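> Sequence and predicted structure are below.
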Amino acid sequence: MSSSEPTVLLIDDEVQMRRFLRASLSASGFKLIEAGTAAEGLSLAASHNPELILLDLGLPDEDGVNVTRTLREWTRVPIIVISARGREASKVEALDAGADDYLTKPFGVSELLARMRVALRHAAHAGGAPEPVFEVGALRLDLARREVTLNGEDVHLTPLEYRLLSLLAQHAGKVLTHSHILKEVWGPGHAAQTHYLRVYMAQLRRKLEPDPARPRLLMTEPGVGYRLKDEPTSRR
């Protein structure tokens, strides 16, 4: 994140939510521009080139999922959906349409700010080559050498386990849906076979988590997918 104020576009027709986020984000060093409709939001996205978009799904003139698809036709700006729709299907649809993250209303400001920082940090690296080394906590993944270490000790992963971990690492902090992971790791013909994914995630957790039953790194988004936690101090 740069030292200047990042510009955030908020597209939400709820006046109270806009007022709440206006105060919270301004106090946290963000410059906020606001839209109450999809049409206004798309216009501001084109004219102001924000560094991040917060998008509600229940807009009066168009569904936020369609707005996401429209934005993805011409921009890779990070999109975090903030919506009262808590159904798993709504989350999956928004993420598959191109959203980077999803928070269900009501949410805590600290969690929103943390996810915004992750999204902005990854966007800052998107223009260059993928980082060859990913580090979070005691885990270190060297993509160039295909090496994984935990607390400085080598971790042996099967080829599929490595492909799964590297995919999550390259999108750290972003929720990846079950179908997306299955297509990328196992191939298009396996998009519905979530039992494969559960088995391999359990194996990865046994190898990488101090307490696999209470993961702190390989996070589950229930009914939606998985996210590799990316701590603010993990990359330099």
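Ah, there it is.

> from here on, contacts and neighbour counts on C-alpha atoms
OK.

> shouldn't I11 be in contact with L52?
No. With contact defined as CA atoms under 8 Å, I11 does not count as touching L52 (11.0 Å).

> okay, these two: which has more neighbours?
With neighbours defined as other CA atoms under 10 Å, I11 and L52 compare such that I11 has more, 29 against 23.

> distance from the centroid: which residue in the chain tops it?
Seen from the C-alpha centroid of the chain, the residue lying at the greatest distance (CA atoms, centre = their mean) is E153, 28.7 Å away.

> which stretches of this structure aren't confidently modelled?
Along the chain, the model assigns pLDDT under 70 to residues 1-3, 125-131, 191, 231-236.

> Per the annotation, how does it divide into domains?
Split into domains by automatic domain parsing, the chain comes to 7-125, 133-228.

> Look up phi and psi at A114.
Dihedral pair for A114: phi -60, psi -40, per degrees, to the nearest 10.

> now it: how far from L25?
Separation of A114 from L25 (CA to CA, to the nearest Å): 12 Å.

> what do you get for K105?
Counting by CA to CA, the gap from K105 to L25 is 16 Å.

> for H156, what are its contacts?
Neighbouring residues of H156 by CA atoms under 8 Å, 6 or more residues apart in numbering: V148.

> Find the nearest non-adjacent residue to P60, please.
T37 (6.3 Å; CA to CA, 6 or more residues apart in numbering).

> so what's the one you found up against?
Counting by CA under 8 Å, 6+ apart, T37 touches 11-13, 59-62.

> so L164 is in which element?
helix 159-170 (DSSP states H and E).

> Now tell me what touches that helix from outside.
Counting by CA under 8 Å, 6+ apart, 130, 134, 141, 143, 176, 181, 184-185, 200, 203-204, 227-228 sit against helix 159-170.

> I'd like to know which of the residues you listed are part of strands.
134, 141, 176, 227-228 (DSSP state E).

> secondary structure class for the most centrally placed residue in the chain?
Nearest to the mean C-alpha position of the chain, counting by CA atoms, centre = their mean, stands K174 at 2.2 Å. The three-state assignment at K174 reads coil, by DSSP: H, G, I helix; E, B strand; the rest coil.

> All good on my end, thank you.
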